[in-house]
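>>> I would like to see how this sequence folds:
(chains A and B)
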2 protein chains.
Amino acid sequence: MAYDADETRRRILAAATGEFSAHGLAGARVDRIAASAGCSKERLYAHWGDKEALFTAVLNHSFAELGEAASADFASAEDFAVAIFDHLSENPTNHRLLGWARLEQRHDWTSSFAVLDSVRATSVGQLDRLVDQRDQRVPWSPHDLFALVLSIASAWMQLPGLPDDQADQPAPDVQRAIVREAVARLLGSR
Amino acid sequence: MAYDADETRRRILAAATGEFSAHGLAGARVDRIAASAGCSKERLYAHWGDKEALFTAVLNHSFAELGEAASADFASAEDFAVAIFDHLSENPTNHRLLGWARLEQRHDWTSSFAVLDSVRATSVGQLDRLVDQRDQRVPWSPHDLFALVLSIASAWMQLPGLPDDQADQPAPDVQRAIVREAVARLLGSR
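Below you'll find the predicted structure:
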């Protein structure tokens, strides 16, 4: 079988996503990524450059998935919030990468933060349109509303504590219903 | 001047708090902590044990400060939310340590998570009492209400993005007013 460069790149990216999501940039080990992708460290570097370049590629890919989830055609701000909740709870890897990106950020990660800026612009635009369309009255800018909605959509995931404590959390369906109701109350929809 | 062991321990803890808050457990460097505290690595290890033991000591200290902020005598759930907002925005180090503890957590950090559990129990108890006292109707358990209130209190701090983007954020007084209003809407107080 001929060597498939695209397939190798894809396998490295998938392995790196798991490693960086679990350990962050500082804690990740390139040799574990290479072993998990079944290639040598030299090949990994040839494909992706250094560890930090690979990390920003992982972030870009992850943020783009979040952006896709935020770009659907929603009927209400509540639906938008639930879609963000669903995306992050079904993709805990993406939620953890958002956390690492916030804590480990470097000023030269411009490409990743350009993707993130576009996710934010999309989300703020969606909320602005949806609130306006339903004639809801909120005293906050769409940017501040986005901060509140995103925080509510990730309320349980953000809770500090051991993974064992997750047993205390309500089931996903219950969390989803609470997110919907909380955003409805925030918007004065009830 | 005699060697003051308590003072050395305190200096190391302060230096470690800055280093771990900036870089997390994996990214922190013990030699930078020792240099910043003005002692040798050997002395640091003699006082605090290994790097992980020092990290959990930093977490315990930080979580205890948050617990103190959550233990005041509040008149309303809105006041509780604003106090958490004030504590975390005035102590960004403590907010970052909560983030690192969530992402880098190990199952053997039992002492740190015991402190955190006690912060959570205090907070859940406060919210339960305050909502009941004002006869507010919320369809959620005090535990879920705590998840929502904590997330709203840290909405802007949790926003992913570059520190430069902080320029887009509303001033602290404006954020504080939004937190109060958002929690009031959540509780149906308006």
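>>> And for the helix or strand encompassing A:Glu52, what's in contact with it?
Remark: A:Glu52 resides in helix A:51-70, with elements defined by DSSP states H and E. Residues outside helix A:51-70 that contact it (C-beta atoms under 8 Å, 6 or more residues apart in numbering or on different chains) are A:12-13, A:16-17, A:20-21, A:25, A:28, A:30, A:33, A:44, A:48, A:80, A:83-84, A:86-88, A:91, A:93-94, A:97-98, A:101, A:106, A:109, A:111-112, A:115-116, A:118-119, A:122-123, A:126. All C-beta atoms are positioned from the backbone trio N, CA, C, and that covers glycine.
>>> Out of the residues you listed, which end up buried?
Neighbour-count burial (16 or more other C-beta atoms under 10 Å in any protein chain shown) is assigned, among the contacts of helix A:51-70, to A:12-13, A:16-17, A:20-21, A:25, A:28, A:30, A:33, A:44, A:48, A:80, A:83-84, A:87-88, A:91, A:93-94, A:97-98, A:101, A:109, A:112, A:115-116, A:119, A:122-123, A:126.
>>> out of these, who's near chain B?
A:25, A:98, A:101, A:109, A:116 (C-beta under 8 Å from any C-beta of the partner chain).
>>> following the worst-scoring helix or strand of chain A on mean pLDDT, which helix or strand comes up?
Here the helix or strand of chain A ranked lowest by mean pLDDT, DSSP states H and E is helix A:110-133, holding a mean of 90. Sequence order places helix A:142-153 as the next helix or strand after helix A:110-133, per DSSP H and E.
>>> And that following helix, what's buried?
Residues A:142-153 are the ones in helix A:142-153 that count as buried (16+ other C-beta under 10 Å).
>>> could these be laid out in CSV, adding pLDDT?
Formatted as CSV, the buried residues of helix A:142-153 follow (pLDDT from 0 to 100):
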residue, pLDDT
A:Pro142, 93
A:His143, 92
A:Asp144, 94
A:Leu145, 96
A:Phe146, 95
A:Ala147, 95
A:Leu148, 97
A:Val149, 97
A:Leu150, 96
A:Ser151, 96
A:Ile152, 98
A:Ala153, 97
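>>> ok, those vs B:Ser189, which is closest?
A:Leu148 (16.2 Å; C-beta to C-beta).
>>> I'd guessed that closest one sits against B:Ile152; true?
Yes - in this structure A:Leu148 lies within contact range of B:Ile152 using C-beta atoms under 8 Å: 6.2 Å.
>>> quick one: which of the ones next to chain B among the buried ones among the contacts of helix A:51-70 is nearest to B:Phe74?
Distances from B:Phe74 to these, taken by C-beta to C-beta, are shortest for A:Leu98, at 30.9 Å.
>>> How much space separates the residue nearest the centre of chain A from chain B?
Against the mean C-alpha coordinate of chain A, by C-alpha atoms, centre = their mean, the closest residue is A:Asn94 at 3.9 Å. Going from A:Asn94 to chain B by C-beta to the nearest C-beta, to the nearest Å gives 11 Å.
>>> so what's that residue up against?
The contact partners of A:Asn94, taken as C-beta under 8 Å, 6+ apart, are A:62, A:65-66, A:87-88.
>>> can you check A:Trp100 too?
Contact analysis of A:Trp100 by C-beta under 8 Å, 6+ apart lists A:20-21, A:24-25, B:103.
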